[in-house]
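> Predicted model and sequence below, questions to follow.
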Amino acid sequence: MKYLRKTIIGALAILAMPTMVLGSGFLSNNYGDFYISEGVVYFRGTVAGVASTEFQPLTGSDRIVSTSESSLSGSIVDLYVDNQGVAVLTDRGSVYKLGTGSEGIFGGSPGTETNWRYAAGSIMSRVVAVEHTPGVGVVYQYANGTRTLTNADSDSQQYGSYINSEPIDKIVRTATQELAVMDNGNLYVGSSNSNMGQVGLSGTVKDIGVLGTSTMLALTDSGDLYTSTDGVNWSISNTSIAKFNMSQGKLFVVKSDGQVLSSDELVPVNYTAQGQVDSADAVTSIQETGDGVVAYVGNDLYSISADGSMSHYYTIMPTYDANGFDLFGLHRDTGTEFDPSGMTVNGNAYDSLGYDINGYNSDGYNVSGWSASSVNQETGTEFDANGLTIDGDEYDSRGFDINGLSANGVNESGFDIATYIHRDTGTEFDSNGLTIDGDIYDQYGYAVDGYNGDGFNRAGINSETGTEFDASGVSSDGDLYDADGYDSIGYNASGYDRDGYNTSGINGDGFYVTGVHSTTQSEFDTSGMTADGDEFDSNGLTQSGSVFGLDTLTVDDNAYGPDGRDYEGYDEGGFLADKVHKNGTVYDTDGYTADGWNEDGVFRDGARVKNGHLTKQFKIDHHVARESYFKTRVITAQLNPSGAAVKLGTFTVRNNSRDGFDLSMVSAQGGILQPDSVLDGEVPIPYSVNIKQTGSLGQGVDSVLTHASDALSNGQVSILSRAGSIVSSATDANFDLYVNANALGGALDMAGTYSDVLTLTYTDI
């Protein structure tokens with residue numbers, strides 16, 4: 001069962017409007033089910049194309065239906081549903097409706113699926129009560145005592161506060177007549193305020209209603225429910241009735257003993273038992289929903305069925321008694337069966353199951369058989385018969401299971417029984433140097449100091465010699481050679497040490513460590529290569545004494561030697577020492593000699609001349625960028641109700657073209673603020689435009705900065721224009737655009753929505 005903690009409109013709305021009459025709060029129609037909580041309407045069903053199987057907000061900031069609420073003002077205090085739509089009453093005394101065709105029931109402008117539209121009431125003439133007859137119309141009661149009816153002929157559209165000098169308590173609509181009950185319990189029927197006739201019934205009438213479109217209902221203080229279709233002939237339909245209401249075309253009655261009956265007859269005679277409620281006085285409404293018959297009792301909804309059962313259906317807002325307990329015996333502060341002092345709704349220290357606020361019975365054990373100290377009642381240990389602790393865990397407060405092992409498989413001595421690692425030392429040894437088996441050696445044969453019985457550690461190093469060999473020259477695996485193949489002296493089986501030299505200091509290639517070859521006594525072996533396998537010695541020369549190797553490059557892989565010439569004798573410019581180029585002439589491919597002169601006597605730098613000539617040029621340019629710029633900025637779209645001029649925005653013009661530009665303006669409504677409607681007598685409001693300039697206009701540019709409403713009514717007007725055929729200087733100016741409404745006598749304070757659009761057009765000629 002889903003519970004939604006909300007608060008129904010309460011004291012705030014009643015204090016603000018003493019005569020406000022609240023509705024049933026929970027209603028159903030062909031759209032679905034609706035209720036109000038804290039000024040928000042919730043729905044379950046399909047509204048404006050949005051379907052929801054759970055109650056979701058229809059109004060307010062969290063609404064899931066994208067309906068426009070721009071016209072809604074104030075908090076919602078009452079709700080009315082009809083197959084033509086939905087309507088709400090706000091604490092400001094206004095009614096708004098939603099749904100296509102909803103105006104046929106609630107009046108006002110045409111309704112839509114996505115916009116809340118005004119139906120009735122205002123701050124000046126507030127609606128304080130709405131009597132709704134589904135499928136027929138409504139009666140609006142205003143704060144001044146008058147009432148208006150929707151869908152009525154002109155003679156009966158409005159009622160005063162009295163009928164036959166008696167104060168009216170309630171009026172309801174039928175398709176053709178009105179049914180009214182007075183404060184004194186007298187009943188009247190008629191078709192207008194002037195022809196209401198009194199009906200004589202046995203007893204004082206305390207409530208009235210309409211079933212369908214024409215069946216009138218009247219409930220007396222003696223519990224008799226009367227029906228009539230013409231307002232003249234009345235008969236008793238049922239007795240001992242405490243209250244009644246209609247839903248989905250059915251009549252639901254609650255008898256004084258709490259029995260709920262219903263009838264779907266046009267004139268109810270036969271009734272069907274629907275169920276039983278605990279208290280007839282607590283019932284707000286009975287509704288026919290998609291889930292069956294639902295009663296609104298207190299602040300909760302209850303399902304009722306023909307077998308007489310009543311089960312909780314939905315919580316709109318919890319209902320608490322004087323001690324803070326709700327209908328289920330739960331306290332509002334603790335959310336449990338106990339109040340903050342530990343007592344239940346019945347004043348007991350133990351709940352219905354025999355447990356106190358801390359969950360323990362009189363023997364000190366909770367419902368699971370555990371004490372406050374986590375001892376099991378059956379075993380007397382921290383484990384129950386299944387080997388689990390109070391938390392349902394396999395491990396006690398020390399972290400061990402019933403077998404003495406932790407969750408990680410560590411025993412009480414601190415050893416992991418799978419890896420043999422101790423939790424404190426991180427090794428196979430505890431702090432005393434013993435393993436899980438109480439031995440001084442681990443599973444690999446090493447003691448806590450890391451050495452085995454032969455004195456070798458895990459890396460194969462002997463504790464006595466500090467090498468891979470013991471004092472006798474044997475390694476940890478009993479060999480004369482270590483893992484790299486060297487003996488205790490450092491030589492391998494071939495007689496070479498780790499650096500590759502024999503006892504004579506010569507490596508396998510015949511070189512000493514100094515790089516001198518043992519045979520040639522030079523840095524080169526017999527094949528002309530050094531100890532590094534290179535063709536260059538330490539001086540950068542080959543065996544033949546050349547600075548160039550077989551690849552024609554130096555030892556540093558340069559194409560040119562220390563003298564700046566390559567292996568053929570050419571320098572980087574391609575010249576030999578005799579200044580002849582490799583192309584066979586004294587000039588290179590650019591036409592210059594080795595000394596840098598061409599045939600015209602001009603040096604390579606292009607600036608010096610020897611016995612020749614040199615030509616240079618100067619270029620003249622002039623350029624001014626073309627500028628044609630127009631930008632606007634809107635500041636406000638609202639007029640000042642006092643009538644003072646309002647700056648709508650600013651615009652900037654920059655132009656430096658000789659053929660100039662034009663700037664014009666046009667009013668969409670011809671210089672007037674056009675009202676959206678004339679429902680409240682609205683009339684157009686004329687206005688004028690005044691433009692203030694800062695900056696400079698170009699010479700040859702004319703300006704007209706003031707435009708009256710009459711000028712704007714003739715269409716497009718000019719603001720800036722070219723005076724002649726050319727403009728002789730640049731324009732760089734800023735403008736402020738002001739609007740002054742030409743309205744007198746506080747016209748701007750009167751109701752209405754007005755609008756116009758000013759369009760500025762900049763044209764570069």
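Yes, it's here. Residues are numbered from 1 along each chain as shown.

> CA only for contacts and neighbour counts going forward, please
Fine.

> Gly104 sits in which helix or strand?
helix 103-106 (DSSP states H and E).

> Name the next helix or strand following that helix along the chain.
Sequence order places strand 117-120 as the next helix or strand after helix 103-106, per DSSP H and E.

> From Tyr142, how far out is the residue nearest to Gly107 when sequence neighbours are not counted?
Excluding the flanking residues, the one nearest Gly107 by Cα to Cα, 6 or more residues apart in numbering is Ala119, at 5.4 Å. Ala119 sits 13 Å away from Tyr142, going by Cα to Cα, to the nearest Å.

> Same question for Asn299.
28 Å.

> thinking again about what came up before, contact partners for the residue nearest to Gly107?
By Cα atoms under 8 Å, 6 or more residues apart in numbering, Ala119 lies in contact with Ser94, Val95, Tyr96, Lys97, Glu103, Phe106, Gly107, Gly108, Ser109.

> so where do the helices sit in this protein?
11-16, 103-106, 709-712 (DSSP state H).

> which of those helices has the lowest average pLDDT?
Mean pLDDT per stretch puts helix 11-16 lowest among the helices of the chain, at a mean of 26.

> separation between the closest residue to Lys579 other than its chain neighbours and Asp600?
Nearest-residue entry for Lys579: Ala594, 5.8 Å, with adjacent residues in sequence omitted and distances by Cα to Cα, 6+ apart. Counting by Cα to Cα, the separation of Ala594 from Asp600 is 15 Å.

> which one of the two has more residues nearby?
Ala594 (19 against 14; other Cα atoms under 10 Å).

> ok, that one to Lys610 distance?
For Ala594, the distance to Lys610 - Cα to Cα - is 15 Å.

> cool, and Trp234?
137 Å.

> And those two? Which one has more around it.
Trp234 (18 against 12).

> Provide the partner residues of the closest residue to the more buried one other than its chain neighbours in its beta bridges.
Computed as Cα to Cα, 6+ apart, the closest residue to Trp234 that is not its neighbour in sequence is Ser228, at 4.8 Å. Applying DSSP bridges to Ser228 gives these bridge partners: Met216.

> In contact with Ser228, which residues are there?
Going by Cα under 8 Å, 6+ apart, Ser228 touches Thr215, Met216, Leu217, Trp234, Ser235, Val267.

> now do 6 Å
Neighbour list for Ser228: Thr215, Met216, Trp234 [criterion: Cα atoms under 6 Å, 6 or more residues apart in numbering].

> Make JSON lines from those and add distance to Asp571 to it.
Shown next, in JSON lines, are the contacts of Ser228 (distance: Cα to Cα, whole Å):
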{"residue": "Thr215", "distance to Asp571": "123"}
{"residue": "Met216", "distance to Asp571": "124"}
{"residue": "Trp234", "distance to Asp571": "133"}
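
> Looking at those residues, which one is closest to Phe338?
Ranked by distance to Phe338 (Cα to Cα), the contacts of Ser228 are led by Met216 at 49.5 Å.

> picking that back up, pLDDT score assigned to the residue nearest to Lys579?
89.

> Dihedrals phi and psi, it?
phi -60, psi -30 (degrees, to the nearest 10).

> Can you name the residues that contact the spatially closest residue to Ser247 that is not a sequence neighbour?
Setting aside the residues directly before and after it, Ser247 is nearest to Gln287 in space (Cα to Cα, 6+ apart), at 5.4 Å. Neighbouring residues of Gln287 by Cα under 6 Å, 6+ apart: Ser247, Val293, Val294.

> is Gln287 in a bridge, and if so with what?
Beta-bridge partners, per DSSP bridges, of Gln287: Val294.

> Mind listing what's buried along stretch 227-242?
Neighbour counts over stretch 227-242 (16 or more other Cα atoms under 10 Å) mark Thr227, Ser228, Thr229, Gly231, Trp234, Ile236, Ser237, Asn238, Thr239, Ser240, Ile241, Ala242 as buried.

> looking only at pLDDT, what's the mean for that stretch?
Across stretch 227-242, the per-residue pLDDT values average to 96.

> Kindly export it (C-alpha atoms) in PDB.
In PDB, the C-alpha atoms belonging to stretch 227-242 read as follows (Å, rounded to 0.1, in the frame of the first residue of the first chain):
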ATOM      1  CA  THR A 227     -36.600  12.700  -4.000                       C
ATOM      2  CA  SER A 228     -38.500  14.700  -6.700                       C
ATOM      3  CA  THR A 229     -38.300  15.200 -10.400                       C
ATOM      4  CA  ASP A 230     -40.600  18.200 -10.700                       C
ATOM      5  CA  GLY A 231     -40.000  20.000  -7.300                       C
ATOM      6  CA  VAL A 232     -43.700  19.600  -6.400                       C
ATOM      7  CA  ASN A 233     -44.200  15.900  -5.700                       C
ATOM      8  CA  TRP A 234     -41.700  14.500  -3.200                       C
ATOM      9  CA  SER A 235     -41.300  10.900  -1.800                       C
ATOM     10  CA  ILE A 236     -39.100   9.300   0.800                       C
ATOM     11  CA  SER A 237     -36.300   7.300  -0.900                       C
ATOM     12  CA  ASN A 238     -34.500   6.100   2.200                       C
ATOM     13  CA  THR A 239     -34.400   6.700   6.000                       C
ATOM     14  CA  SER A 240     -31.800   7.000   8.800                       C
ATOM     15  CA  ILE A 241     -29.500   8.700   6.300                       C
ATOM     16  CA  ALA A 242     -26.500  10.700   7.800                       C
END
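
> Can you give the contact residues for stretch 479-492?
Here stretch 479-492 makes contact (Cα under 6 Å, 6+ apart) with Gly473, Val474, Asp497.

> and which of these is nearest Ser413?
Among the contacts of stretch 479-492, and counting by Cα to Cα, the member closest to Ser413 is Val474, at 39.1 Å.

> can you pull the pLDDT of the closest one?
90.

> can you pull the contacts of it?
Leu480.

> Could you tell me which ranges of the stretch 351-500 of the chain sit under the pLDDT cut-off?
Scanning the stretch 351-500 of the chain for pLDDT under 70 picks out no residues.

> sorry, that was for the chain
1-24, 153-156, 327, 743-747.

> about what we covered before: want to throw the contacts of Ala119 into TSV with distance to Gly258 and neighbour count?
Converted to TSV, the contacts of Ala119 look like this (distance: Cα to Cα, whole Å; neighbours: other Cα atoms under 10 Å):
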residue	distance to Gly258	neighbour count
Ser94	36	23
Val95	34	30
Tyr96	35	28
Lys97	35	33
Glu103	37	25
Phe106	34	33
Gly107	37	22
Gly108	40	18
Ser109	43	16
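
> Nearest to Val128 among the residues you listed?
Ser94 (8.7 Å).

> Now do the residue nearest to that closest one when sequence neighbours are not counted: how many residues are near it, please.
Using Cα to Cα, 6+ apart and skipping the chain neighbours, the partner closest in space to Ser94 is Gly121 (4.2 Å). Gly121 has 21 neighbours, counted by other Cα under 10 Å.

> same deal with Ala607?
Neighbour count of Ala607, defined by other Cα under 10 Å: 10.

> likewise Asp659?
Neighbours around Asp659, by other Cα under 10 Å: 14.

> quick one, phi psi at it?
phi -80, psi 0.

> Look up how far Ser718 lies from it.
Asp659 is 17 Å from Ser718, where distance means Cα to Cα.

> Val375 too?
Distance from Val375 to Ser718, by Cα to Cα: 96 Å.

> How about Val757?
Val757 is 16 Å from Ser718, by Cα to Cα.

> Likewise for Asp509?
103 Å.

> between these two, who's got more neighbours?
Ser718 (17 against 14).

> ok, that one - contacts?
Ser664.

> just the one 3 residues further on next, same as before
With contacts taken as Cα under 6 Å, 6+ apart, Ser721 has the following neighbours: Asp662, Val701, Asp702.

> if you set the cut-off to 7 Å instead, what comes out?
Neighbouring residues of Ser721 by Cα atoms under 7 Å, 6 or more residues apart in numbering: Phe661, Asp662, Leu663, Val701, Asp702, Ser703.
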